[in-house]
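Q: I would like the atomic coordinates for the input below:
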Amino acid sequence: FSGMIVLWTVGVVDMNPLTRSLLASSDIGSMFRITACKLVLVVVGVALDSVPKVQAVFMLIAVYGITYYIFHQLPYYSATVNMIYQAIWSSLLGVACLLVGLVFTAEKHTGDAGYPSRMTMGVLYQLFPMMLLGAVSVRLRMRMLRPAAQHLHQAFTDRKIATALNDQKKRAVAAAAADATAADPNDTLTLLGDLKTVYKFKDVTQLSVLCREMRKWDEDGIPDPDATEYGEFLLKCGMARMPNDPIVLVMYASLLMQMNRDGQAAHTTLQLAQKANPSVFERMQVYMAQQLAKSIKRDGGGLDLIGYVEYQRNYRGCIKAHKVALVAQRQFWNSLLRDTVRFVDLQKTLKLMAKAEDKATSTYRRVLERYPNNGKLLKIYGRFLEYVRNDPCTAAKYYAEASKYGTSESLLTLAQGQSSSTSTTSGSSNLTSATGTVNERVDGLIIINASGQILMVNAAALALFGYGKGELEGKSLSMLMPQPWAQQHNSFLDRYIESGVPHILDRNRTMVGLHKDRSVFPFNLLAMRLSGLGGDTLFLGVLRRPPPTSDSTTVRFSTTASGLILSADSGTEGMLGVAASHLVGQQVANLFTDSDVVQSFLVKTVGSKSESETSYKTHASMLHAYLPAVEVELNVQFGGAVEDSECRFLIIEVHPVSDAGAVMALNQKGRLLFVTDKLAAMLGYPIVNMAKMDLNSLLPTPYGQMHTAWLKALDRRPGPSSCRAGGVVHLLAANGAKVPVTLKMSGTKAPVRTMAGADPPRFRGYSR
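A: Prediction:
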């Protein structure tokens, strides 16, 4: 029995000053003292029947102790509950006094048979007066605290005025002079005063009782913002006066969780409470608050997988209840469309409609209590109020709140909301300043935890890596990286968690990713810490396609430090005559005529200790599948983890020094094997389409039909009007127009040095 009583006492103690529980108490010490008196009352009433005088005295002391603690400590948040409890126990105090009088005077009235009856009637006569006296005593006790409350209200008002004046002065000084030092930084302390000197609280109980003035809610159950701001001011004053009191710290952490849903800030405050040498019962309150803070970090922020799934479940529950209410309304109106309507049926549909609306309202309010700052929920609740409850005025309030918080359920909105809850400045501005303007339809966003597990990923990131919805959540981020980055990634995370020193974070870097089809591609990455500390840290990665090169003729390669090609731009087909997919896996030095010189240059570049912004340049001759070697300029930069030599790669930009002109390469059957960008642009064809055409289709009638026979007679001497003789001929453009050109032709049976994926050409044609 005693154990159950203790557990009940622990259950009614709640450090959240905005709790809606009627029987909640903030004073754990007083509640245990009251519980001890109740236990004494029960034990004495059962075990001391043989000594009635001792029993009566102990019962009187126990009941008096209960009324004393209720009067002095006011343990319950609700003033009404304190008055009711005091009224009940005051009446029992009167009963205990009569019992003592009866026991000690019974011997003097042994011959008076009516004495016990008169004493019993006295119990009835004193019952209601004592209850009234107890309730009035609690009311007077609360009025005794009014001077202190008035003093604190005045200090709070003065503080707000001083803050406004100080901000106005700073703005005026900043506008009058560019020198920011003209404003005195001590003005704030002079105007506002020290929180420690605002009021000298007697103890934590007095602070807790005074903080109950913040317990004001509007008709929708939302705490009054002015009252909660005043309560926060009182708790800050209390922390200034009692900085090492665990109960004050737990109360402030509970307010942060209730008012701002700020689990991270509450967790930090609770860590201070743990270091303040709390008692056993105080440790219990700290532990309970920590569990609530963890759940808020998970569910309120919506940034871990479990919390996000739970949010989606609650959101779908609201939508379902909303639809049921709309269906009930439709049934009601359909019943009115009939020629005859029975009153019983009409009454039944009205009851169903009212029941569905009440259920939807309770569902919305329960979910909004958990996610009070979710703009999407606020918006649909506004629609419910407007179209189902027919309350457009209240709906307008929720629409305004929804627009303030944003109605997007995008990952970027959730990330900004989480960063704002863990920062003193706006999370949205922090994220924007770090990443620039983010377009979630184009830019990929991935959130991982401290162990590298993917928690959330948006559609753009899924498309970037070729995965479908739901295929990446819960998986390791290393599956999106080729080796050796996949093997080393978790060590980078562990190094940051242990040291707190960022090596890769908050800097734009070029990385390589592993597509679902196992191909490698480059992308730009900005990784940043989103929230949390230690093992609770969350990281956000913003992924973007690399910006295009400044020149359309420039081709970009991504290679390992040893020169092995990981990926290449699609422009390699126009520059080298070879598709990019055929170059992957080759040594980049083998693409040059002087491969040894290029390889030595790359080795020297890799051996240098430089940052990613440093670039190295050289000139070389690059092989072409169908043309003579092309003179190019190489620009080499580092990508990946620049500080780690094993996890960085090379970004090689190849820019042709000379223009190849308008060139096509044919096989012996007149099939186009290679076309330069310049020729494709001159004729107005996409270069991809021209690579699948025959030369005959580019010649006007009748030359297109005759050209096949001419290809078979190349050994003959060309006539004066032949294209081989340098005469002007015409090629058909994409719009059907004839484009006059002169041709310079050459032929070969095989290229000087065949590259991978290139068919040996038969003829080359240079058009001008």
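
Q: Please enumerate the helices of the stretch 301-450 of the chain.
A: 305-336, 343-370, 375-387, 392-405, 411-421, 427-435 (DSSP state H, counting those that start in this stretch).

Q: pretty sure Tyr230 contacts Gln154?
A: No: with contact defined as C-beta atoms under 8 Å, Tyr230 does not count as touching Gln154 (11.5 Å). Where C-beta positions appear, they are placed from N, C-alpha and C, glycine not excepted.

Q: neighbour-wise, which of the two wins?
A: Tyr230 (21 against 11; other C-beta atoms under 10 Å).

Q: Could I get the contacting residues of that one?
A: His153, Phe156, Glu213, Met214 (C-beta atoms under 8 Å, 6 or more residues apart in numbering).

Q: what's the helix or strand for it?
A: Applying DSSP states H and E as the criterion places Tyr230 in helix 225-241.

Q: after that helix comes which helix or strand?
A: Next along from helix 225-241, by DSSP H and E: helix 246-260.

Q: quick one, that following helix and helix 343-370 angle?
A: 130 degrees (axes from the mean of the first three to the mean of the last three C-alpha atoms, to 10 degrees).

Q: So what's the gap between helix 246-260 and the chain middle?
A: 22 Å (C-alpha atoms, centre = their mean, to the nearest Å).

Q: For it, name the packing helices and strands.
A: helix 204-211, helix 225-241, helix 263-274, helix 280-299 (3 or more C-beta pairs under 8 Å, 6 or more residues apart in numbering; DSSP states H and E).

Q: any chance of the ones you listed in TSV, with distance to Phe492 too?
A: Formatted as TSV, the helices and strands packed on helix 246-260 follow (distance: least, C-beta to C-beta, whole Å):
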stretch	distance to Phe492
helix 204-211	46
helix 225-241	38
helix 263-274	23
helix 280-299	24
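
Q: before we move on, the earlier item: any chance of the helices of the stretch 301-450 of the chain in a markdown table, plus distance to Gly45 and mean neighbour count?
A: Shown next, in a markdown table, are the helices of the stretch 301-450 of the chain (distance: least, C-beta to C-beta, whole Å; neighbours: other C-beta atoms under 10 Å):
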| stretch | distance to Gly45 | mean neighbour count |
| --- | --- | --- |
| helix 305-336 | 48 | 15 |
| helix 343-370 | 43 | 15 |
| helix 375-387 | 53 | 21 |
| helix 392-405 | 53 | 16 |
| helix 411-421 | 52 | 23 |
| helix 427-435 | 59 | 16 |
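
Q: re earlier: make a ChimeraX selection of the buried ones in the contacts of Tyr230.
A: Only the buried entries of the contacts of Tyr230 go into this ChimeraX selection, using 16 or more other C-beta atoms under 10 Å:
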select :156,213,214
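
Q: what's the closest of the contacts of Tyr230 to Arg118?
A: Glu213 (46.8 Å; C-beta to C-beta).

Q: Ile454 bridge partners, please.
A: Ile448 (DSSP bridges).

Q: pretty sure it is in contact with Ile446, am I right?
A: Yes: using C-beta under 8 Å, Ile454 is in contact with Ile446, at 6.2 Å.

Q: So these two - more neighbours on which side?
A: More neighbours surround Ile446 than the other of Ile454 and Ile446, with 25 against 21 (other C-beta under 10 Å).

Q: From Leu526, how far out is that one?
A: Relative to Leu526, Ile446 is positioned 11 Å away (C-beta to C-beta, to the nearest Å).

Q: Show me where the stretch 651-768 of the chain has its strands.
A: Along the stretch 651-768 of the chain, the segments classed as strands by DSSP state E, counting those that start in this stretch run 662-666, 672-675, 728-732, 738-747, 763-767.

Q: For Leu699, find the nearest of those.
A: Once the strands of the stretch 651-768 of the chain are compared by C-beta to C-beta, strand 728-732 is nearest, at 6.7 Å.

Q: From the centre of this protein, point out the most distant residue.
A: What lies farthest from the middle of the chain is Gly111; by C-alpha atoms, centre = their mean that is 82.8 Å.

Q: Leu543 bridge partners, please.
A: The partner residues for Leu543, given DSSP bridges, come to Gly444, Leu525.

Q: and stretch 449-459, how far apart are its ends?
A: 19 Å (C-alpha to C-alpha, to the nearest Å).

Q: how about the residue nearest to Ala486 when sequence neighbours are not counted, secondary structure?
A: Excluding its sequence neighbours, the residue lying closest to Ala486 (C-beta to C-beta, 6 or more residues apart in numbering) is Ser478, at 4.0 Å. Here Ser478 is helix, with the state taken from DSSP: H, G, I helix; E, B strand; the rest coil.

Q: hmm, back to that, in a markdown table, list the helices of the stretch 301-450 of the chain along with distance to Leu132 and mean pLDDT.
A: Listed next are the helices of the stretch 301-450 of the chain as a markdown table, based on distance: least, C-beta to C-beta, whole Å; pLDDT from 0 to 100:
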| stretch | distance to Leu132 | mean pLDDT |
| --- | --- | --- |
| helix 305-336 | 46 | 81 |
| helix 343-370 | 37 | 88 |
| helix 375-387 | 44 | 87 |
| helix 392-405 | 40 | 81 |
| helix 411-421 | 49 | 49 |
| helix 427-435 | 54 | 48 |
